[in-house]
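**Q** Quick check, what structure comes out for this input:
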Amino acid sequence: MLISTTSCNLFSSQGGDTHPCKYTPAHQQIIVTAITTAPAETPPLLIVSVINTGIEIAQRERHRVFDKFYRIPKHDPWKHGGTGLGLALVKKLSQCLGGSIQLESGSGQTQFILKLPL
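**A** Prediction:
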């Protein structure tokens, strides 16, 4: 149940748009992958990756994107709004499950990697 809630919060936002759709510019790509690691690894992991092409998050903002109520200034050109709680919730839920969420951004894309033990 918590794994489902954590994954859903990575993709959802208020107003019906998903985070990847909300922040990915027109004519760019959203790439979603989900894999499990080999059973021999302890513990085996579910790894979910979401890549948005055509957008980068500045280095100075990356450490704050998982903070409650934080929204990157001037990073919502479509004025969708939101509370700034989605990624904070994903981080908290992933930690409660013994997992993690990380952000990588550069070369014209942003990637969120969610790792959860199975």
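**Q** tell me the helices in this protein, going along the chain?
**A** Using DSSP state H, the helices found in the chain span residues 2-11, 19-23, 59-62, 86-96.
**Q** Quick check: buried residues in the shortest one?
**A** Same thing as helix 59-62. 61-62 (16 or more other C-beta atoms under 10 Å). In short, each C-beta sits where N, CA and C put it, glycine included.
**Q** Equivalent analysis for the last one, please.
**A** By 16+ other C-beta under 10 Å, the buried positions in helix 86-96 come out as 86-94.
**Q** tell me which helix or strand of the chain sits lowest on mean pLDDT?
**A** helix 2-11 (a mean of 51; mean pLDDT, DSSP states H and E).
**Q** How about the residue in the protein that sits furthest from its center?
**A** Ranking residues of the chain by C-alpha distance from their mean position (C-alpha atoms, centre = their mean) puts residue 40 at the top, at 27.1 Å.
**Q** CSV for the buried residues of helix 86-96, including pLDDT and distance to residue 52?
**A** Listed next are these as CSV, based on pLDDT from 0 to 100; distance: C-beta to C-beta, whole Å:
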residue, pLDDT, distance to residue 52
86, 82, 14
87, 86, 13
88, 89, 19
89, 89, 19
90, 89, 15
91, 92, 18
92, 93, 22
93, 92, 21
94, 93, 19
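**Q** Let me see the residues that make contact with stretch 42-57.
**A** Residues outside stretch 42-57 that contact it (C-beta atoms under 8 Å, 6 or more residues apart in numbering): 3, 7, 10-11, 20, 23-25, 27-38, 65, 72, 75, 98-99, 103, 105-118.
**Q** What residues are bridge-paired with the closest residue to residue 112 other than its chain neighbours?
**A** Leaving aside its sequence neighbours, residue 112 sits nearest to residue 50 (C-beta to C-beta, 6 or more residues apart in numbering; 4.8 Å). Assessed by DSSP bridges, residue 50 has beta-bridge partners residue 32, residue 112.
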